[in-house]
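Asks: One predicted model, sequence on top.
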Amino acid sequence: MTAAIDAVVSVLVVDDQELVRGGLRRILRRRDGFIVNECGDGDEVVAAVSADPPDVVLMDLRMKRVGGIDATKLLRARAATPPVLVLTTFDDDQLLSGALRAGAAGFLLKDSPAEDLIRAVRVVAGGGAWLDPAVTGRVLNAYRSVRAPGNRHDRRLGDLTARESEVLALIGKGRVNSEIATELGISEVTVKSHVGHIFGKLDLRDRAAAIVFAFDHGIVSPGESVT
């Protein structure tokens, strides 16, 4: 794992398989800067988050009682809830696009390397989005199939300043605020301000929605990195 530890991240792991939860605990170790709590099914999530709010919820999609999509909707209906990162064995584009529509901040396949899981959790906990590059293109196509297609000449894009357009492009590539600040040579506070203006002008709820918008409007091409 990484030698240096960033800020401690608290994670709520939601999966109905005890062996999977145990495996995730072994990856997201306390000595590497993670505190992990667990839920055995989606119907336990709201109570667990209320009792001990985590920095990020690591959510399985298919569970016995309440699936990850419905559990994410329940969380997102509440105020000030933590971001949700979907983790699944199922390479199912409709399920993953459904998770995005429910408000998930991203998704990662369970066969991803441990290093990707660690980075994805930290990125999402820090307010970023993580879309697994192995399936992102197909999932976004499935996402678009149930909503009106994006207008590449959306007039709202003209409301963005040149700097806001640069920030949107970097969000579309999966950059977090600190990375955007370094790349553009500005402060993180300024980046945060730009992000807020972008979300307001384009009526976007979060970074995952901004990534979808960037793909839809040709700001980011399918071959470009989104992590």
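Replies: Ah, there it is.

Asks: Sketch out the strands for this structure, chain order is fine.
Replies: Under the criterion DSSP state E, strands of the chain are mapped to 9-14, 34-39, 56-59, 84-88, 106-109, 130-131.

Asks: which stretch in those is the model least sure about?
Replies: Of all the strands of the chain, the minimum mean pLDDT falls on strand 130-131 (a mean of 84).

Asks: Quick check: Phe90 touching Arg62?
Replies: Yes. In this structure, Phe90 is within contact of Arg62 by CB atoms under 8 Å, at 6.5 Å. C-beta: built from backbone N, CA, C; applies to glycine.

Asks: looking at this structure, which helix or strand does the model trust least?
Replies: When each helix and strand of the chain is scored by mean pLDDT, DSSP states H and E, helix 136-144 comes last, with a mean of 70.

Asks: what about the biggest helix by length in the chain, distance to the chain center?
Replies: Ranked by residue count and defined by DSSP state H, the top helix of the chain is helix 188-202. In terms of CA atoms, centre = their mean, to the nearest Å, the centre of helix 188-202 is set 17 Å apart from its chain centre.

Asks: What are the buried residues along that helix?
Replies: Buried residues in helix 188-202, counted by 16 or more other CB atoms under 10 Å: 191, 194-195, 197-199, 201-202.

Asks: same question, stretch 19-27
Replies: Per 16+ other CB under 10 Å, stretch 19-27 contains these buried residues: 21, 24-25, 27.

Asks: Please narrow those residues to those residing in helices.
Replies: 21, 24-25, 27.

Asks: okay but Val57 is in contact with Pro82, surely?
Replies: Yes. The pair Val57 / Pro82 is scored as a contact, 5.5 Å apart, by CB under 8 Å.

Asks: Between those two, which is the more surrounded one?
Replies: Val57 (29 against 18; other CB atoms under 10 Å).

Asks: Mind listing the residues bridging to the more buried one?
Replies: Note on Val57: beta-bridge partners by DSSP bridges are Leu12, Val84.

Asks: How about the contacts made by it?
Replies: 11-12, 14, 45, 49, 75, 82-85 (CB atoms under 8 Å, 6 or more residues apart in numbering).

Asks: Using TSV, lay out the residues you listed together with distance to Arg155.
Replies: Output for the contacts of Val57, formatted as TSV (distance: CB to CB, whole Å):
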residue	distance to Arg155
Val11	41
Leu12	40
Val14	40
Val45	39
Val49	38
Leu75	33
Pro82	34
Pro83	30
Val84	32
Leu85	33
